[in-house]
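>>> Next one to model:
(2 chains)
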Amino acid sequence: MSMDRRDFLKLSAMTAATAVASSGLRAQTEDEWAVESTILDRTEEGVKWDKAPCRFCGTGCHVQVGVKDGRVVSIAGDQLAEVNKGLLCVKGYHVGLILYGEDRLTQPLLKRNGEHVPISWDEAIDIIADRIEADPAGFAIYGSGQWTIPEGYAAQKLIKGGLSNNHIDPNARLCMASAVTGFLATYGVDEPAGCYDDLDACDVLILWGNNMAEMHPVLFSRVIDRRARGEEITVIDIGTRHTRTTDHANHHLRFRPNSDLAIANGIAHQLLLNGTYDQEFIEKHCNFKAPDTNNPNLHGRPSTFEEYRQLMAPYTPEYVEEVSGVPAADIRMLGELFGRRDIKITSTWCMGMNQHTRGTAINCLVHGVHLLSGHFGTPGDAPTSLTGQPSACGTAREVGTLAHLLPGGRLVANEAHRRDAEEKWNLPEGRINPVPGYHTVKMWEQFSKPAAEGGDISTIWVQVTNPGQTLPNRDKLFTPAVEQADKFLIVSEVYPTATTRGADLVLPAAMWVEKNGIYGNSERRTQQWYRQVMPPGDARDDCWMTLAVARRLFERGHEGMKDRDGNFIFTVKDDEGNEVPHWNWENYYDVNVDKALYEEYRQFSRMKHKDLAPYDVLAQARGLRWPVVEDDDGKWNETKFRFWGESDPYVAEGEEFDFYHSSTGDGKAQIWFHPYEHAPEEPDEAFPMWLCTGRVLEHWHTGTMTMRVPQLRNAMPQAYVEMNIEDARAQGISNGEIVIVETRRGEIELPVWINGRGNPPSGTIFVPFYDETLLINNLTLDAFDPFSKQPDYKKCAARVRRRPVEQGDEQ
Amino acid sequence: MSHDSHSQHGRGISIALAVVIGVGFIGFITGTRSQDYEAIAVRPGPAPLRTNIEGLRPAPSYREIAERPLGPNRNYTDVVSDLRYTLDDPFALERATDVALQEAVLRRTERRAFDGAPPVVPHPITQGGAIPCIACHGQGLMVDDIAAPVMSHVEMPNCTQCHVEQSSDWMQWERLLERATDVPNSFAGLMPPKRGERAWEGAPPTIPHTLQMRDNCASCHGLLGQEGVRSSHPWRQSCTQCHVPERNSSGLWTATVWGERQESLPPWSAVLQKNEAQ
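Next up is the predicted model:
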């Protein structure tokens, strides 16, 4: 080093000073310090702070956003937010930077002769209206758990109440559909009974295939920080590889992929064998269910405790060890923990249990061991699924933007539900189509299949998501449609992505605090924020786009855009009762359209007792957990623990528990048996390794946002393949070497990381999916759970090959 | 010393020996591992960040920090008699000059996207869990002029949740990097505040920054802190006895701020007009 520290500092200070004020660092006196203060500006001058939920995962942390001169300049953890209590993760602290990648999309683009050329918004809206008019039954919307609630609600109403074809599904199908079916099959109603307060009260935290330290770091800290306060927490990591979570876990139970079902059954077996199940709880509050093999359906067939005991009998610790690789002693340890009445046990899971061809089954089994042992419902005892997206619960599940749902837990196949929705929307009876639309995999299959071969989806409008990167088996589900002239892909996006590159029409979107919004997080918490900065160029709200298209159709006389009285289905009125032309962008913020849509949607929330707070109440809170019920004093109270008499206002006075949406109609939850079965594709001689995919701490999903944040991109700049050192040694592969990872569906070149961020056991490899230049989803399997229709990204058979020598030599 | 005795003298020697051996050991260990960092920063960094706002300086990239090695280990020696313990005499510390303060503040910005962002980790992290971090950052240590600061929120052991390393040295990223997204970002973050205010010359200055996540003032202002922000009286431990946060310096400090700010906000329509006008 030729430069000493002082020189370096002076140089860097000078560079900074000249860059901004074009004057060198000369400040030697108090007077000159004043001049330099333009560089070292004080934080409070001109900075306005406001609240917003973080843009990324389903944890739902609140951030404080500092805005100066119309731009976000600072982010702080919100100390008043119950979710995160002032703490964020590295993505959250840098969330403000996601607005400022220099390749933001700022004008509508139409593909002409293979090139994207700018067009006007008016033309863009016309093109979409043309596509709908040409083939109304073949028009689909592919949405997102990152949609705000009003955005999802508007798209939902357009498709189901306007176009009557039900072809709307969100990316959440790829994310939490199995959690939904697990809740429905067990409790008869979706979403967790517990909440994050369980994390403050539990003695044992069991992570089912859940790398919480990287995926939900703020929640993970909420637990392990308790150790620093002298509390004892036992963290049990049930996973398929060593992760950062394992570093903090007391026990790491490493299992063979797909055998988590055997582990759950092993716990039940121990409870039954030792007689440590909670007899009083199951007698009062539970029924038993088993899969109906003759007629497979979500609610199965009734079973009995005796049959349940028989079905569980084979799952001895030794058998479970044989199937899963988890030592029998650890299965007994789990059984003993669940058998104890003096401790509180919380289970969490996310994609590990959901992206699973047996997703519904494993979700049911984990609920089952909590119910069987009575570790349910009171603070600290909870089976809780976490969501990966900020509004997977709020927009996908509660608004019901799935192909078979109507808002508020209603089903399109249920006539009474359709009539109710038509009533609330003031639509003529029969407007809503009784046939569910296409779920995600089916929708893209029908889009990719040529029309001549029965591919009856001709246009998909993608909002707030990136299926070109996230769909499994891309070459089957995404790429073919892009290449067909009669298929038309519309994409609302903020940055160029793998999806926009294939799009015929690209619509530039406003994001996060560039628009009003409402999200719903993993713990039933509905969170509102206001627009705080303006979107760049001609970028506009996704919600506005939907409403503008609906209006264009209305003006062209489309019957579906009229209600019973012939009025526009998205009529919004101001305080004086005059209709506001919100479909004109310049008028969009004349009223708070978000509030109008949300208040309309809110009336759907009562049927399933998911009562939402009024918009103005939400605006004053850091989110509120439903059901939010008004008391006699006019105060709106949230609910922490659902179905528990001491917390849930819908449980009758004096009752300890009431599963008031029970599928058996008797106020009881269902304890399920499901057998362990093999995965649809397992390692064999030709493809001897398990391939698992997932996220990393620094990047959120496809990296569209986080890869444009220098601090995050530099920390984790590209995809890699994690490999066990034994497997690498066997093939003579060295750390950092570029190898070919291959499955039956495709191959990809990736550098090997041995003993890296995660460490898979021998026979397993892991590849993150965030890198759009290295698309692992060309390799993943599109097999899905029969009930949730959620694909399994976590396991398929793969092999790793060294590159041919001559290629390697070019390096 | 007039009241010297044999036993005290002997204890003095053993303490001195312990110090010498300890410092020698640290010097040896750090000396043996100082060379690798030159080889790390092979990958070209992203384009420099642009600054669009008067008065704001862009945050440096972590990559730029990577090009700055941890520093030479000039103190390395295997001659025990040459070892010196050079900690400044705490009683001789004076109030920092403005230049030193400014230097310290600018140096802080090198590792943060904006004031308040968690600083990056300027060295590779090769072990998991909190224990490797706490080994140095639990009590803090200083080698040459490179300090491992004391954690300012010791009750939070999931360090890598917020503090990410720059691209670590385990993989030669440059092999595939021409394919990676490398889009410039025009974010320009807030800079740190200037000095706190004094009611009169000689009065204790107020704290000009937020206290969020800063439970231990000694992290930055203690003896391991940089010259410009180091306390002139590190033996006094109850900082907030005399130094209080500036109530108006930030909207983030007290539990009542949000509610108060809501009342002070212009009505919704006025916010809209302001936004539309931009």
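
>>> Could you list the low-confidence segments of the chain?
Just so you know, I chose chain A. Within chain A, the stretches falling below the threshold (pLDDT under 70) are A:1-45, A:806-811.

>>> nope, chain B please
For chain B (pLDDT under 70), the answer is B:1-93, B:144-145, B:167-181, B:247-278.

>>> Kindly recompute the last result at 50.
Chain B contains residues with pLDDT under 50 at B:1-7, B:27-57, B:72, B:248-278.

>>> And the helices in the stretch 51-200 of chain B?
B:62-66, B:98-109, B:131-137 (DSSP state H, counting those that start in this stretch).

>>> Determine the set of other helices and strands touching the longest one.
Yep, that's helix B:98-109 we're talking about. With contacts taken as 3 or more Cβ pairs under 8 Å, 6 or more residues apart in numbering or on different chains; DSSP states H and E, helix B:98-109 sits against helix A:5-21, helix A:30-36. For every residue, glycine as well, the C-beta is placed using N, CA and C.

>>> Please work out how many residues are found near B:Val120.
25 (other Cβ atoms under 10 Å in any protein chain shown).

>>> So the host helix or strand of A:Pro150, near chain B or not?
Counting by DSSP states H and E, the element that carries A:Pro150 is helix A:149-156. No - using Cβ under 8 Å from any Cβ of the partner chain, helix A:149-156 stays clear of chain B, coming no nearer than 15.8 Å.

>>> what's the distance between that helix and the middle of its chain?
16 Å (Cα atoms, centre = their mean, to the nearest Å).

>>> and the helix or strand just after it, which strands flank it?
Moving toward the C-terminus from helix A:149-156, the next helix or strand (DSSP H and E) is strand A:168-170. With DSSP bridges as the test, strand A:168-170 is paired with strand A:139-143 (parallel).

>>> Just confirm A:Met212 contacts A:Ser347, I think it does.
No - using Cβ atoms under 8 Å, A:Met212 is not in contact with A:Ser347; the gap is 11.5 Å.

>>> Now the closest residue to chain B within the stretch 501-650 of chain A, what are its backbone angles?
Residue of the stretch 501-650 of chain A nearest chain B, by Cβ to the nearest Cβ: A:Tyr589 (5.0 Å). With angles defined as degrees, to the nearest 10, A:Tyr589 sits at phi -100, psi 20.

>>> in the host helix or strand of A:Val549, what counts as buried?
Assigned by DSSP H and E, A:Val549 belongs to helix A:542-555. Judged by neighbour count using 16 or more other Cβ atoms under 10 Å in any protein chain shown, the buried positions of helix A:542-555 are A:542-554.

>>> What are the boundaries of the strands in the stretch 51-200 of chain B?
B:141-143, B:146-148 (DSSP state E, counting those that start in this stretch).

>>> could the ones you listed go into a markdown table alongside mean neighbour count and distance to chain A?
Below are those laid out as a markdown table (neighbours: other Cβ atoms under 10 Å in any protein chain shown; distance: least, Cβ to the nearest Cβ, whole Å):
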| stretch | mean neighbour count | distance to chain A |
| --- | --- | --- |
| strand B:141-143 | 17 | 13 |
| strand B:146-148 | 17 | 9 |
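
>>> and A:Trp425, which of those is closest to it?
strand B:146-148 (62.1 Å; Cβ to Cβ).
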